[in-house]
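K.L.:
got a structure for you, letters missing:
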């Protein structure tokens, strides 16, 4: 995330799971096999135990990132407070919601995000969680939400309209071919797994406001995208 911010990213997206003692930590997977090269589920270890584990993907990078430890959400929020130009999409993983329940996960995450809630967007594949998050948020200080649509079909379109999120995410591979229209709604479209500048420009021309990429530095190096850099 530090490297992405230094490369010019003004939005970051990261995934959150809950530890055994219900502390939000940053992890996409439910297990440590891929990132730490060791067995164990995030739900079975305390935050203190997880915080001591290197997540440098040893099978992929060897010892190059051996000093990168699994962070808590609180540590990341503290860092974000020093980066006033950066906003965050905070994805709450479905597996944690299923394990601990909507209320417990929402309460644990919001306690940590409170100092910078105005710069965060809660996102999830679980629209029931997002409905509950919206209801639990005081109307005077609404929490922005984003739904990740897992498919492109009539049911997902109906669920998007019912939720009316601030942001609607999907993989670029799920979009219908042109000239079929995107679903109309009050949301900003955000499309992920985009690494090609020409593709990013084509998506912008279709009305996609945000592209999520693993190559922000490369995209922002393209002069054609510099006017769109705030959405990278």
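P.N.:
The structure has been received and is ready for your questions. Treat the numbers as computed from the prediction; the structure is a model and nothing was measured. Residues are numbered from 1 along each chain as shown.

K.L.:
can you give me the strands for the chain?
P.N.:
Taking DSSP state E as the test, the strands found in the chain are 11-18, 24-26, 87-92, 120-124, 144-148, 167-171, 188-192, 210-212.

K.L.:
Take these and lay them out in CSV including mean pLDDT, mean neighbour count and distance to residue 200.
P.N.:
Every C-beta, even on glycine, is put in place using the N, C-alpha and C of the backbone. What follows is the strands of the chain, written out as CSV (pLDDT from 0 to 100; neighbours: other CB atoms under 10 Å; distance: least, CB to CB, whole Å):
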stretch, mean pLDDT, mean neighbour count, distance to residue 200
strand 11-18, 98, 21, 14
strand 24-26, 97, 23, 26
strand 87-92, 98, 22, 17
strand 120-124, 98, 24, 20
strand 144-148, 97, 22, 19
strand 167-171, 98, 21, 14
strand 188-192, 98, 20, 9
strand 210-212, 96, 23, 5
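
K.L.:
Please convert these to a markdown table, extending it with distance to residue 99.
P.N.:
Listed next are these as a markdown table, based on distance: least, CB to CB, whole Å:
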| stretch | distance to residue 99 |
| --- | --- |
| strand 11-18 | 7 |
| strand 24-26 | 13 |
| strand 87-92 | 12 |
| strand 120-124 | 14 |
| strand 144-148 | 19 |
| strand 167-171 | 22 |
| strand 188-192 | 24 |
| strand 210-212 | 26 |
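
K.L.:
Of all these, which one is nearest residue 61?
P.N.:
strand 24-26 (17.5 Å; CB to CB).

K.L.:
helices or strands next to the closest one in the packing?
P.N.:
Packing partners of strand 24-26 (3 or more CB pairs under 8 Å, 6 or more residues apart in numbering; DSSP states H and E): strand 11-18, helix 73-80, helix 102-113.

K.L.:
Which one, of the strands of the chain, ends up nearest to residue 179?
P.N.:
Across the strands of the chain, closest to residue 179 is strand 188-192 (CB to CB), at 16.2 Å.

K.L.:
tilt between that closest one and strand 120-124?
P.N.:
Angle of strand 188-192 versus strand 120-124, following axes from the mean of the first three to the mean of the last three CA atoms, to 10 degrees, is 60 degrees.
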